[in-house]
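*Asks:* the following block contains a protein sequence and its predicted model.
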There are 2 protein chains.
Amino acid sequence: MALQDARTPENGESERDGSVKEFGQHKDYVAGSRPDLRVPVRRVHLTNGKDVTLYDTSGPYTDPQIDTDVRRGLAPLRENWITARGDTEEYAGRPPRPEDDGLKHTSPRGGLRNLDAVFPGRPRRPRRGRGGSAVSQLAYARRGEITTEMEYVAVREGVTPEFVRDEIAVGRAVLPANVNHPEIEPMIIGKNFLVKVNANIGNSAVTSSIEEEVEKMTWATRWGADTVMDLSTGRNIHTTREWVLRNSPVPIGTVPLYQALEKVDGKAEELNWEIYKDTVIEQAEQGVDYMTVHAGVLLRYVPLTARRKTGIVSRGGSIMAAWCLAHHQESFLYTHFEELCDILASYDVTFSLGDGLRPGSIADANDEAQFAELRTLGELNKVAKAHGVQTMIEGPGHVPMHKIKENVDLQQEICEEAPFYTLGPLTTDIAPAYDHITSGIGAAMIAWWGTAMLCYVTPKEHLGLPDRDDVKTGVITYKIAAHAADLAKGHPGAQEWDDALSDARFEFRWEDQFHLALDPDTAREFHDATLPAEPAKTAHFCSMCGPKFCSMKISRSITEQFGGGDGASPEEVEAGMLEKSKEFAAAGNRVYLPLAD
Amino acid sequence: MALQDARTPENGESERDGSVKEFGQHKDYVAGSRPDLRVPVRRVHLTNGKDVTLYDTSGPYTDPQIDTDVRRGLAPLRENWITARGDTEEYAGRPPRPEDDGLKHTSPRGGLRNLDAVFPGRPRRPRRGRGGSAVSQLAYARRGEITTEMEYVAVREGVTPEFVRDEIAVGRAVLPANVNHPEIEPMIIGKNFLVKVNANIGNSAVTSSIEEEVEKMTWATRWGADTVMDLSTGRNIHTTREWVLRNSPVPIGTVPLYQALEKVDGKAEELNWEIYKDTVIEQAEQGVDYMTVHAGVLLRYVPLTARRKTGIVSRGGSIMAAWCLAHHQESFLYTHFEELCDILASYDVTFSLGDGLRPGSIADANDEAQFAELRTLGELNKVAKAHGVQTMIEGPGHVPMHKIKENVDLQQEICEEAPFYTLGPLTTDIAPAYDHITSGIGAAMIAWWGTAMLCYVTPKEHLGLPDRDDVKTGVITYKIAAHAADLAKGHPGAQEWDDALSDARFEFRWEDQFHLALDPDTAREFHDATLPAEPAKTAHFCSMCGPKFCSMKISRSITEQFGGGDGASPEEVEAGMLEKSKEFAAAGNRVYLPLAD
């Protein structure tokens, strides 16, 4: 539905010219202080001549003036910004190995199983902070610097660059942006910004392919995913990730432990710091923007889960628990945490400190194991910040409504307001196949109370891997939760979208309702299922009530008669009411205006 | 999936005998104090030999031992209970008229348009309180009487009959049960009971037929609807309602104003008390259990809506507003309210005092118009109770999360804790086609805070009339919201369902998970989409992670090794941990047990 017709929006911020008066929507950009700082937006042009500008995560794919090709990858938008800072250096990097894709080193065939799958785009060398220095947005913010990335998100969020810098500097927000992922359009995660949504993708040993994962990523961002986590666990992990990264306009997160475990044939006890570190570097060189690290699963916490109803449900958590038990040593993620910090800081990889002991059932919510780990994450958050690593904290899980707020309040207190990044939470266990809804309820609430980013849950949660439709349903559900939270938090500008849609609804501007809808396609399809004829979209009644019964119609008639919206005082409204009611009678007491009206 | 094999559940309350050990589920009954008091339940038989008993709204349709026929209607379960009280009398009743079905009295053809549509079941004469006396459950409760209906719901809710009586007596709960609707299985609505869900059905001038509406009713109750509102507005309103009532195991609600308006050809100004009263009696004689009455829309409140974003969105509210304006008189529903009370009390029709001025957009939430009407509903609630009429209060609508609690708190205060019955609320306006979700979020929250019954919203809200699939999606979404609220309220027994499902999940009992799921069919279908083979349902890994990576699997192994669930003290657990970790190593450090395990 992107319009080829460019026009100048009323706010005059557009870079484009043109004047074709048309309704619909198109991709547009808001200009920053320099030519290469153009922040994408979705402009919705209403039939009443007004414009609504919406946040846009869809990347260059929705810009008809840009040719995209998944085999080439996206343009490296941030490359000049990064090099201009002069604090990074290219280096040879770690050569890809067969085991990066889950192939045994001892394989007689050797090499990658499927050479065709190797990403064919432009050759690149990895980059890192010169001499291993911290090149994180946090390090810059602490020094008082406002990076181009910060200015970009300031435009995107409608705040000042200084505010962005300050929120990052105190650790209340993160701007995930690996120096090896220049393709991203910068975004920010923090409770004083719009609530964000993450979509998980990833193949597994059981199903799905590289192509499907890249498609899911672009599909998820088309519907509004702000970040994407690649949770692949089967073969071709390295190669899948390369395709995803080179084509992603949003930050990509991973759980390096999954790949590290593949490298030791799934034997947790054979994991060690060297293998893990090697995997982290491999992924950092590729450009992973944030990494989930389950460093809070300590040996002494494992017995706390033994009498839970559902034990440890986090994959990362259970792998580390098994390692700790097998070795009866403290987790290598914990003992090597400072070294890990230095690596992440030198690429600007953001920590997502994983909640490996999150509750997997209503019965286990807010228990000792969960909160013990949270306290450890609070310690690690301080260490990470001291090393200049941006950090967010992951949260549950399965939590009944009355126990949700305690989660945010504790996390905010213990982790010094570091961004909270929660999975759901699911507010009941009884509805497999509907866990996008059981969790959408909890997600909206926890975001209202302070969660900065919501990890989506799809209808397939607990049952299987999400397909394309599930990804869309999950993202839409979580965009609803995020926006409901933005409204409840009183985020400036959030209600403008609701108001525009409600105005369109009240004025029977069906086309505008569709274009403003979170999912225009489905809204139109549902409407057409009842009243398929094109004229119905401009008819002054809705398909729910039919022509004679539409309350919006009657009510609009009242508004028109009694001076609503024209700035009249209450007294004038009262006076108008008396006068107009006489007109009402004189006009034959017709409650319903003719359809032709 | 109902099993023909009957067996004796462990709790010994079943009336049936038999002993075939089988998993699955079947319709069962819990016996009360007399042979004709049998409360339906859904028994889920788990593969581990345990039983879970769930609330069942599906009526005789799911009992393989009962032959149902929609042309005959359901058996009049309550008939003997009603007649035994000796306080009602049959009478000739109001003969059906062509205009009851929306046919003009002046029609040259006369009579009903489609005689085949007339309900063919057993002939019946209407019944009412002898001499117009109040025969309501409220009147009985106030006199200290425990009716069979009260005992029935006590068994159904797991409380004492005295508690049920007391909650009804003070007006904190209603038991909607028109003496002319003996087919229902009694249920109760009140904040100290399980949260209930209503599903709306109803044809309109635009679409749908009698058959479809009856099917939607049985379909809605199959998935868990506790009551059904027939909101038909087109032709055949009377006849459609007769079919629905005679076949409904749950209380039926209506908005009599809709039918009254049809009788005056849609001209609101031609409505009057006599036409309305005639319609109420017509519907009361048929057996409608509760009626939405928009008696709180007063003339002076109408101008308060003129500058709203979406004016009046309630159909009933806008009709009454138009009437008030046309006549410049106070609403006849308000001026004749006491007379209306006496009519309703003599049939035991429950009031659902409608919120005609509910907000239709985020912008209009909690405004002066809405709360002015609520205060009037508070007055009317007192009048209704004084006349012995059971009463609940309807609530919004579109409300952002941070304004929801105020709605319940005010309603509970103003209306003396009368049951609150809310539509959603929708927490954002931006997602047409997903308003089951925007509202499911608000519904869960408002129910947690005290709403007694939730009126569902389907994906078609704002766009069209719901079809069968939409009805199911709406009901399931609202059952989730209601159950999440039951959990958050700490309702005794609510968590048992979650626990049973989570146990099954942790122990990889896939069949048990499906049978315990709110929607077993979809859960099974989603699971099979990834791992279609039958053995996968007993495989010790889930389809999300694959055989090597399943965290549940690892965690279960930890539980087995470290004494979870066997009543061990923390010290014993610690000791066991050390010992078992040695065994772990001795067993070859195998993290994953063989699949055959």
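*Replies:* Sure, I can see it. Numbering: from 1, shown residues only, chains lettered A, B, ... in the order given.

*Asks:* tally of neighbours for A:Phe437?
*Replies:* In this structure residue A:437 is Ile, not Phe. 28 (other CB atoms under 10 Å in any protein chain shown). Placement of C-beta: from N, CA and C, glycine included.

*Asks:* can you dump the C-alpha coordinates of the host helix or strand of it into PDB?
*Replies:* Secondary structure assignment for A:Ile437, by DSSP states H and E: helix A:435-448. The C-alpha trace of helix A:435-448 is given here as PDB (Å, rounded to 0.1, in the frame of the first residue of the first chain):
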ATOM      1  CA  ASP A 435      -0.300 -18.000  25.000                       C
ATOM      2  CA  HIS A 436       0.100 -14.900  22.900                       C
ATOM      3  CA  ILE A 437      -3.100 -13.800  24.700                       C
ATOM      4  CA  THR A 438      -2.400 -15.200  28.200                       C
ATOM      5  CA  SER A 439       1.000 -13.400  28.000                       C
ATOM      6  CA  GLY A 440      -0.300 -10.300  26.100                       C
ATOM      7  CA  ILE A 441      -2.300  -9.500  29.200                       C
ATOM      8  CA  GLY A 442       0.700  -9.700  31.500                       C
ATOM      9  CA  ALA A 443       2.900  -7.900  28.900                       C
ATOM     10  CA  ALA A 444       0.700  -4.900  28.800                       C
ATOM     11  CA  MET A 445       0.600  -4.700  32.600                       C
ATOM     12  CA  ILE A 446       4.300  -5.200  33.200                       C
ATOM     13  CA  ALA A 447       5.100  -2.600  30.500                       C
ATOM     14  CA  TRP A 448       2.800  -0.100  32.100                       C
END
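
*Asks:* beyond that helix, next helix or strand please.
*Replies:* Helix A:435-448 is succeeded, C-terminally, by strand A:453-455 (DSSP H and E).

*Asks:* give the pairing partners of that following strand; include direction for each.
*Replies:* strand A:196-201 (parallel), strand A:420-423 (parallel) (DSSP bridges).

*Asks:* which of the three states applies to the residue nearest to A:Phe506 when sequence neighbours are not counted?
*Replies:* Using CB to CB, 6 or more residues apart in numbering or on different chains and skipping the chain neighbours, the partner closest in space to A:Phe506 is B:Thr310 (4.6 Å). Here B:Thr310 is coil, with the state taken from DSSP: H, G, I helix; E, B strand; the rest coil.

*Asks:* so B:Thr310 versus B:Gly296, what's the distance?
*Replies:* 19 Å (CB to CB, to the nearest Å).

*Asks:* who has more neighbours, these two?
*Replies:* Set B:Thr310 next to B:Gly296 and count neighbours by other CB under 10 Å: B:Gly296 wins out with 29 against 26.

*Asks:* now do the contacts for the more buried one.
*Replies:* B:Tyr334, B:Leu353, B:Gly354, B:Asp355, B:Gly356, B:Leu357, B:Glu373, B:Leu374, B:Thr376, B:Leu377, B:Leu380 (CB atoms under 8 Å, 6 or more residues apart in numbering or on different chains).

*Asks:* next one: A:Asp498
*Replies:* Taking CB under 8 Å, 6+ apart as the test, what A:Asp498 contacts is A:Leu487, B:Ser361, B:Ile362, B:Ala363, B:Thr428, B:Asp429, B:Ile430.

*Asks:* chain A: which of the contacts of B:Gly296 is nearest?
*Replies:* B:Gly356 (9.2 Å; CB to the nearest CB).

*Asks:* okay, now the closest one: neighbour count?
*Replies:* Around B:Gly356 there are 34 residues (other CB under 10 Å).

*Asks:* same check, this time on A:Ala365
*Replies:* The number of residues near A:Ala365, taken as other CB under 10 Å, comes to 24.

*Asks:* help me confirm that the residue nearest to A:Phe506 comes into contact with A:Arg505.
*Replies:* Yes - between B:Thr310 and A:Arg505 there is a contact under CB atoms under 8 Å: 6.6 Å.

*Asks:* which non-adjacent residue is nearest the residue of the stretch 51-200 of chain A found nearest chain B?
*Replies:* With CB to the nearest CB as the measure, A:Leu54 is the residue of the stretch 51-200 of chain A nearest to chain B, at 9.4 Å. For A:Leu54, ignoring the flanking residues on the chain, the nearest one in space by CB to CB, 6+ apart is A:Arg42 at 4.4 Å.

*Asks:* tell me the secondary structure for the one you found?
*Replies:* strand.

*Asks:* tell me the pLDDT of it.
*Replies:* At A:Arg42, the pLDDT value in this model is 95.

*Asks:* repeat that for A:Asp265.
*Replies:* Reported pLDDT for A:Asp265: 89.

*Asks:* just give the number of residues close to it.
*Replies:* A:Asp265, neighbours per other CB under 10 Å, totals 11.

*Asks:* so how far is the longest helix that chain A contains off the chain centroid?
*Replies:* Determined from DSSP state H, the single longest helix within chain A is helix A:468-488. Relative to its parent chain, helix A:468-488 has a centroid offset of 9 Å by CA atoms, centre = their mean, to the nearest Å.

*Asks:* what mean pLDDT does it get?
*Replies:* pLDDT averaged over helix A:468-488 gives 97.

*Asks:* thought A:Ile188 was touching A:Arg172, still the case?
*Replies:* No - in this structure A:Arg172 lies outside contact range of A:Ile188 using CB under 8 Å: 10.3 Å.

*Asks:* neighbour-wise, which of these two wins?
*Replies:* Between A:Arg172 and A:Ile188, A:Ile188 has the larger neighbour count (other CB under 10 Å), namely 28 against 18.
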